[in-house]
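>>> what follows is a predicted structure for the sequence shown.
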Amino acid sequence: MALNTESNFISRRQFLTTSGTIAGGMALASLTGCGVVSQLTSRRPPNIICFMADDMAPEYLGCYGGDIPTPNIDHLAQSGTRFDAAYCSASVCTPSRFSLLTGQYANRCDHPVFMTHNPVSDPACITWNTYLHANSDTIPRRLSQAGYQTGFAGKWHTSPAQHTMELPPLNPDDDPEDPTVDRFLQDHQRALIQAVKSTGGFQNAASVLWENWEQAPLKALRVHNMEWITHGALNLLDQFSSDQPFFLYVGATGIHGPDHSAILSQDMRLTPEGRFAEPFAGSLPRDSIVARLESAGLDAYHRTIGMVQVDDMVGALYDRLTAQDRVSNTIFIFLADHNTEPAKSTCYEKGVHAPLIIRDGRREIGGTSNQNRVQNVDISAYILAQAGVKTNSMLLDGSSAAVAASATQKELNRRLLYFENGYTRGISDGQYKYIAFRYPQHLLEQMKSGAMTEAVNHLNMPDQHQPAIAMRYYPGYFDVDQLYDLNQDPYEQDNRSSDPAYKQEMLRLQDELRRLVANFRHPFDLKDTHFQMSAQYRQLVAFSRARGTGHIPWWRDDFRWPPR
């Protein structure tokens with residue numbers, strides 16, 4: 001199916017010139033690849049760029065029918081494949097990135113911090129806690145061992161917070177224009193680069209943002225600076241030798257908070273690695289953003305400004321590939337870590353359904369859409385397969401087949417999708433979705449005894465934030481078992497788990513989930529649900545719903561859901 005992505009939005013080039021199916025079932029122990037890391041095949045493997053956007057719904061993109069023109073990303077879709085049924089397995093930053101970089105579900109994390117907070121006797125709480133460590137078997141580490149040049153630029157967010165590291169002494173109120181502070185920022189950035197290289201297995205890194213912009217080392221820098229990330233990514237491209245293939249992972253920060261409109265009054269030369277003398281080459285001027293949006297009949301605000309900048313980043317990378325004559329042997333993967341509120345951090349569709357576009361420069365296919373179900377762990381397997389890396393010794397939870405398959409190869413479609421967020425687990429066959437909410441025993445006991453005066457949200461977050469948004473928009477949020485008929489109820493408002501008409505589907509998917517989670521070290525018992533069905537628990541739920549959420553600056557409280 002050809003994609004219609006025409007737009008009257010001025011393109012980057014115009015501006016510059018005028019101014020994996022899970023094979024056979026869900027027995028995850030058998031889902032490894034096919035061998036220890038081998039030498040690359042005699043045929044030159046492709047270069048690979050994996051570009052990850054942050055907090056992005058498919059409908060934000062022009063090629064998915066969105067109202068914000070994204071000509072550079074649309075160009076990838078016009079000459080590649082747009083996946084309409086692509087999903088992450090966990091819909092928050094850290095576990096989603098963990099899964100992409102390892103090819104494993106976040107439940108397999110064995111970082112000491114994760115294991116300390118999640119004893120093997122309890123179900124694991126999957127949140128911003130699934131970290132990599134120096135011995136993690138990562139995709140870039142495997143590619144480096146197999147002869148690839150590997151590099152990273154942008155948002156990392158797969159390691160513990162900066163305060164756990166030995167870093168230069170910076171005070172959040174320091175002035176980035178101060179020469180001493182500038183030197184400390186340079187030292188700070190060098191330390192982060194080294195940590196990414198040793199932890200992630202990358203040979204090179206640049207423009208590293210450790211977490212989100214809100215955690216930048218100085219308050220004066222807590223504003224998006226995607227031009228700085230683009231600068232680092234372009235430098236890495238320039239450093240890669242033409243004699244070897246490369247893998248470049250770029251983590252954009254759009255359109256996560258803080259408010260993107262703040263960039264309009266911020267000097268891009270002030271960065272987390274010190275002050276640059278000149279604006280960055282390769283990026284369009286910030287003062288063009290509002291004019292470009294107005295020319296498309298759009299207001300300039302958080303989402304539209306962020307989307308323009310993400311699209312500009314993609315355009316800058318593609319233009320550099322073109323200038324280096326590398327486009328024809330480069331696979332360009334565009335994806336997002338997850339979708340957005342009101343279902344961010346949950347197993348609901350609005351949280352886990354994400355954009356995915358793959359353009360393989362070796363195969364001009366005229367723009368197609370693919371309806372096969374794909375998850376981020378499948379993309380990891382696809383990257384290794386395309387690189388010619390054999391992976392018998394790796395435990396992979398995905399398969400490259402669903403990603404590489406054409407839209408007509410239904411037999412290669414991923415049979416089931418698996419989701420994990422906080423204390424919830426989900427499984428879907430595309431039509432029906434089952435979600436289970438199970439607490440560890442110590443939380444159940446605290447709620448039963450009265451030590452807690454409200455029901456614990458699924459992430460066990462005292463300030464609630466994303467969980468409180470989700471509980472407001474999803475009636476079944478606190479239900480111990482949930483079953484949704486996605487064909488009839490795509491916004492997951494009608495829990496059918498107790499409906500006799502859906503009993504067989506409920507039992508089937510429950511059994512599938514039970515078999516799947518048995519492969520993890522942390523238990524997830526689907527049996528004991530008595531307390532979560534009691535009047536006492538319902539009262540605690542009412543208290544939790546009434547308290548609401550902490551402040552999320554970019555969240556619009558008048559959000560309409562379901563859409564009318």
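It's in.

>>> so, low pLDDT: which residues of this structure?
In the predicted model of the chain, residues 1-42, 406-412, 550-551, 554, 556-558, 564 satisfy pLDDT under 70.

>>> domain parsing for it?
Residue ranges for each domain of the chain read 12-37+48-408, 423-547, as given by automatic domain parsing.

>>> so of those domains, which one's packed in deepest?
domain 12-37+48-408 (a mean of 20; mean count of other Cβ atoms under 10 Å). Placement of C-beta: from N, CA and C, glycine included.

>>> end-to-end on stretch 292-311?
12 Å (Cα to Cα, to the nearest Å).

>>> quick one: that stretch to chain centroid distance?
With Cα atoms, centre = their mean, to the nearest Å as the basis, stretch 292-311 stands 22 Å off its chain's centre.

>>> I'd say L185 and D175 touch.
No. L185 lies out of contact with D175 (Cβ atoms under 8 Å); the separation is 11.0 Å.

>>> mind listing the helices for the stretch 151-300 of the chain?
179-200, 226-239, 289-295 (DSSP state H, counting those that start in this stretch).

>>> likewise the stretch 401-550 of the chain?
Secondary structure of the stretch 401-550 of the chain (DSSP H, counting those that start in this stretch): helices at 401-404, 441-449, 466-473, 503-517, 535-547.

>>> who touches the spatially most central residue of the chain in this structure?
Centroid check for the chain by Cα atoms, centre = their mean gives D337 as the closest residue, at 1.1 Å. Residues in contact with D337 (Cβ atoms under 8 Å, 6 or more residues apart in numbering) are M52, A53, D54, D55, C88, V92, C93, S96, R97, L100, A354.

>>> which of the residues you listed sits closest to R547?
Within the set of the contacts of D337, V92 lies nearest R547; the separation is 21.2 Å, counting by Cβ to Cβ.

>>> pretty sure the closest one sits against N129.
No. If you go by Cβ under 8 Å, V92 and N129 don't touch, sitting 9.8 Å apart.

>>> returning to what we had before: look up phi and psi at the residue nearest to the centre of the chain.
When read as degrees, to the nearest 10, the backbone of D337 gives phi -70, psi -30.

>>> tell me which element the closest residue to it other than its chain neighbours falls in.
Leaving aside its chain neighbours, D337 sits nearest to S96 (4.1 Å; criterion: Cβ to Cβ, 6 or more residues apart in numbering). For S96, the element it lies in under DSSP states H and E is helix 93-102.

>>> relative to F332, how far out is P112?
36 Å (Cβ to Cβ, to the nearest Å).

>>> repeat that for L483.
Distance from L483 to F332, counting by Cβ to Cβ: 38 Å.

>>> go ahead and confirm P45 touches P245.
Yes. Applying Cβ under 8 Å, one finds P45 in contact with P245, separated by 4.7 Å.

>>> overlap in contacts, those two.
Taking Cβ under 8 Å, 6+ apart as the criterion, P45 and P245 both touch Y148, A387.

>>> how about T340, what does it touch?
Contact analysis of T340 by Cβ under 8 Å, 6+ apart lists D55, M56, A57, K350, G351.

>>> that one - that's part of a helix, no?
No. Per DSSP: H, G, I helix; E, B strand; the rest coil, T340 lies outside any helix segment and is coil.

>>> which one in this protein is furthest away from the centre?
Distance-from-mean max, the chain, by Cα atoms, centre = their mean: S449 at 38.0 Å.

>>> state the distance from that one to R547.
For S449 relative to R547 (Cβ to Cβ), the value is 20 Å.

>>> distance check, Y131 against A191.
Y131 is 17 Å from A191, where distance means Cβ to Cβ.

>>> go on, Y432?
Y432 is 48 Å from A191, by Cβ to Cβ.

>>> likewise for P112?
According to Cβ to Cβ, P112 stands 20 Å off from A191.

>>> so N204 makes contact with L236?
Yes. N204 lies in contact with L236 (Cβ under 8 Å); the separation is 5.8 Å.

>>> any residues in contact with both of these two?
G151.

>>> secondary structure element for N72, which one?
helix 71-78.

>>> show me what the helix or strand following that helix is packed against.
Using DSSP H and E, the helix or strand that follows helix 71-78 in sequence is strand 81-83. Counting contacts by 3 or more Cβ pairs under 8 Å, 6 or more residues apart in numbering; DSSP states H and E, strand 81-83 packs against strand 356-360, strand 368-370.

>>> just the helices in the stretch 1-150 of the chain please.
In order along the chain, the stretch 1-150 of the chain carries the following helices (DSSP H, counting those that start in this stretch): 12-18, 71-78, 93-102, 112-117, 139-145.

>>> of all these, which one is nearest Y477?
helix 93-102 (19.4 Å).

>>> restrict that closest one to CA atoms and write it as CSV.
The C-alpha trace of helix 93-102 is given here as CSV (Å, rounded to 0.1, in the frame of the first residue of the first chain):
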residue,chain,number,x,y,z
CYS,A,93,12.0,5.5,28.9
THR,A,94,14.4,3.2,30.7
PRO,A,95,12.9,-0.2,30.2
SER,A,96,12.0,0.5,26.6
ARG,A,97,15.6,1.6,25.9
PHE,A,98,16.9,-1.4,27.9
SER,A,99,14.9,-3.7,25.6
LEU,A,100,16.1,-2.1,22.4
LEU,A,101,19.7,-2.2,23.5
THR,A,102,19.6,-5.8,24.7
